[in-house]
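Colleague: structure for the following, please:
(chains A and B)
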Number of protein chains: 2
Amino acid sequence: MSDLYSESDYYVTAPQGYRAGSIACGIKSNATIHDLALLVSDVPCIAAGTFTTSSTRAAPVLLCQERLHGHRAQAIIINSGNANCATGEQGRKNAARMTAAAAALLGIDKKLVLCSSTGIIGRQLPIEKIEQGIKQLTLTSEGGVAFSNAILTTDSRPKRMTLEFLIDGKTVRLGGVAKGSGMICPQMATMLCYLTTDAAIDADWLQQELQLAVDDSFNMISVDGDMSTNDSCILLANGLAGNQPLHEAHPDAAIFRQALRKMTIYLAREIARDGEGATKLMTVHIQGASSREDARKAARAITLSPIWQCALTGEDPNWGRLVAALGASGCALRQESFDVFLGSIQVAKGGVATEYEFEQAQAAMLGPEIIITIDLHIGSHQATAWGCNLTAGYIEENTVYHR
Amino acid sequence: MSDLYSESDYYVTAPQGYRAGSIACGIKSNATIHDLALLVSDVPCIAAGTFTTSSTRAAPVLLCQERLHGHRAQAIIINSGNANCATGEQGRKNAARMTAAAAALLGIDKKLVLCSSTGIIGRQLPIEKIEQGIKQLTLTSEGGVAFSNAILTTDSRPKRMTLEFLIDGKTVRLGGVAKGSGMICPQMATMLCYLTTDAAIDADWLQQELQLAVDDSFNMISVDGDMSTNDSCILLANGLAGNQPLHEAHPDAAIFRQALRKMTIYLAREIARDGEGATKLMTVHIQGASSREDARKAARAITLSPIWQCALTGEDPNWGRLVAALGASGCALRQESFDVFLGSIQVAKGGVATEYEFEQAQAAMLGPEIIITIDLHIGSHQATAWGCNLTAGYIEENTVYHR
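Modeller: Numbers count the residues shown, from 1 in each chain, chains lettered A, B, ... in the order given. Now for the predicted structure:
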């Protein structure tokens, strides 16, 4: 499998038959920043999606969930700067109008167009500006780069990757792009993530594999514990690579599954690393848990602890805060049996401090990536979660007026 | 009922027959700060307690839970600066040694002595210093003031109150003191809270009433979502007021219940108000919920949202963040029916923005206390939770080295 990260790989437009484009249509106050983007496949795709489990889901999420019942889509229109959430009936009409305008530009059935919005909650979309903007979009097969920038909000950089591999001897590509930053604690998917492939894939299998991949990637990251109203992860598969459709029993199913996991974990980690104000990525491995659910709960609890996130910022090996987060997580444990490692330094054994050197433990807290491993020694299940440190930068970004 | 807040009311030593004292025994690095405190009743008390539900409960919590099986206690010895948590068998022995030393000083059975610890997790107590310190303690009936200071860690001020009321025509007092600050998200009690009364009270009724009061007070506050390993709330009732023992059918039971709720809600609010780095107290009322549990869940979810806590700091009426926290809470709701108020300004009606004036909504975010009311309009249950804003001060306090 080749991992491709350079701009000349085009990400979501890397697989055959995809085009994208973006424009500044005036939703964001800075008129030079692109805030509208469109992704389209030359032919209708098999499509799968996972979405936020919030009870205050945004209008575009409701639209996608409805249209994906048929497992088919051909295009996605996305705006940043406004979440189209808590906007009621008018919000739902505006979501439909966005897709109708994109369908008109593309000359396709509007039922094949999905949409996403990200930004401030509680305001109606400037729908006329969006409709005008859509008319002016130019779509190209290099557009994946512009697309990855136009969907950002407070992200400091785009998150994107291209993978290339063989299915049935045919070259297949998987392109991906995501945005994250704040209000990150997905329970079904993440803020926004779009994946494209030219592989031919069975619809039910695609949805199943996407859900499994999302469970171990986007659903295991947290920046601030705030689940968003707009979290969406959508995968389009247009089949232009010419392989036999992938399904559970296909001999190359594992290759696609591995690529999809690699892609989603990479993008998820990039979202955690680029959390608002963050300067450190934390990876938490829980092993020896009595169930997979317990391992996941414990790993996430640690990434969610603000007091531990502050210790990361201070590069302070105050592992007692890990013990507190672990204890509060609801995960089954025995107080006399768990081990804690900061990087490769074991700071607790059997639930109490080892004779570790403070300087060594502190050294494990330096650098841009911190790895925490906790072995509960009561079972054989494990999980990995990713998060980031908490800094004054987070406070600053979220304290400014939204007006 | 009289509410007494001045230092001459002595708080936990205000009821008849209680004495307290404190000393600097050298646990904290600043040798002038008192870090050891003792509270004692002249006679054995009926006692009740609620404790953290953490799976990594500290040694003193385990000791209290065991000794309170008999519903009797006479004294509590407390240290700050070290949590005696993740300290294994030695930690449990040290907790017992603390109580034995206090029992020796007082000339009472050590089984009647409870203990608490608060501070850093993962280090053994300096037990010899504590034993030396205990020998030097002086206990007086004015000692409730010193006691309320000695139990603090990063708190900026003590939290304490005295209430006076009549039971069976006898004057009864209820004194209370608490500490809080960081790692505050109790699920059974709060960091540390001690309540004393000279009322005579039936043991089972006392435990039941304490649990109910704690559920609506300490269990409804959050500073940072981090449940502690040491949360404890203990109530001693020595009966010296001479009333007929209080129980469910006592004609004055409601008077004591009301005093206990007033005390616990006051102390809980003070903990939230004095959260690490906090400058604003937030009160969240949820009404019209379909169950009490849902109302509690929704109210707490809002106090727990870092992104909303930052909006409070910025005095930014960005109520969309409330909608996101509400949607993520798991509380049942209808998107088209909920109303949102900032102070007295209605910013959303039927799930969408009202035509509110931005300046008015912003004015509701000013000042030291912010009240948020959300009416879900789907049932008749309600709940109130308290929290605080999130500032760079929180990050700062929790970023410094613990060494």
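
Colleague: can you pull up the bridge partners for the closest residue to A:V214 other than its chain neighbours?
Modeller: Distances taken as Cβ to Cβ, 6 or more residues apart in numbering or on different chains put A:T50 closest to A:V214, at 4.8 Å, once the chain neighbours are dropped. Just so you know, the C-beta spots here come from the backbone N, C-alpha and C atoms, and that holds for glycine as well. Using DSSP bridges, the bridge partners assigned to A:T50 are A:C233.

Colleague: count of residues packed around A:T50?
Modeller: 25 (other Cβ atoms under 10 Å in any protein chain shown).

Colleague: just the one 4 residues further on next, same as before
Modeller: A count of nearby residues for A:S54, using other Cβ under 10 Å, gives 26.

Colleague: does it count as helix, strand or coil?
Modeller: coil (DSSP: H, G, I helix; E, B strand; the rest coil).

Colleague: do the same with A:Q74
Modeller: Once three-state DSSP is applied, A:Q74 turns out strand.

Colleague: sorry, back to before: distance of the residue nearest to A:V214 from chain B?
Modeller: 16 Å (Cβ to the nearest Cβ, to the nearest Å).

Colleague: also A:L106?
Modeller: Applying Cβ to the nearest Cβ to A:L106 and chain B gives a distance of 30 Å.

Colleague: quick check: which ranges of the stretch 151-300 of chain A have low pLDDT?
Modeller: Residues of the stretch 151-300 of chain A that meet the criterion pLDDT under 70 lie in A:181-191, A:223-227.

Colleague: would you map the strands across it?
Modeller: Using DSSP state E, counting those that start in this stretch, the strands of the stretch 151-300 of chain A run over A:159-167, A:170-179, A:192-197, A:232-237, A:281-289.

Colleague: need those strands in a markdown table with mean neighbour count, can you?
Modeller: Output for those, formatted as a markdown table (neighbours: other Cβ atoms under 10 Å in any protein chain shown):
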| stretch | mean neighbour count |
| --- | --- |
| strand A:159-167 | 22 |
| strand A:170-179 | 25 |
| strand A:192-197 | 29 |
| strand A:232-237 | 28 |
| strand A:281-289 | 22 |
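
Colleague: redo these as JSON lines? Include distance to A:W205.
Modeller: Compiled in JSON lines, the strands of the stretch 151-300 of chain A are given as follows (distance: least, Cβ to Cβ, whole Å):
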{"stretch": "strand A:159-167", "distance to A:W205": "13"}
{"stretch": "strand A:170-179", "distance to A:W205": "15"}
{"stretch": "strand A:192-197", "distance to A:W205": "13"}
{"stretch": "strand A:232-237", "distance to A:W205": "10"}
{"stretch": "strand A:281-289", "distance to A:W205": "29"}
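
Colleague: leaving out the residues flanking it, which one is nearest to A:L342?
Modeller: Going by Cβ to Cβ, 6+ apart, A:L342 has A:A364 as its nearest residue, at 4.1 Å.

Colleague: which ones are touching that neighbour?
Modeller: By Cβ atoms under 8 Å, 6 or more residues apart in numbering or on different chains, the residues touching A:A364 are A:317, A:342-345, A:370.

Colleague: please apply the same query to A:T140.
Modeller: A:13, A:19-21.

Colleague: which of these tops the neighbour count?
Modeller: A:A20 (32 neighbours).
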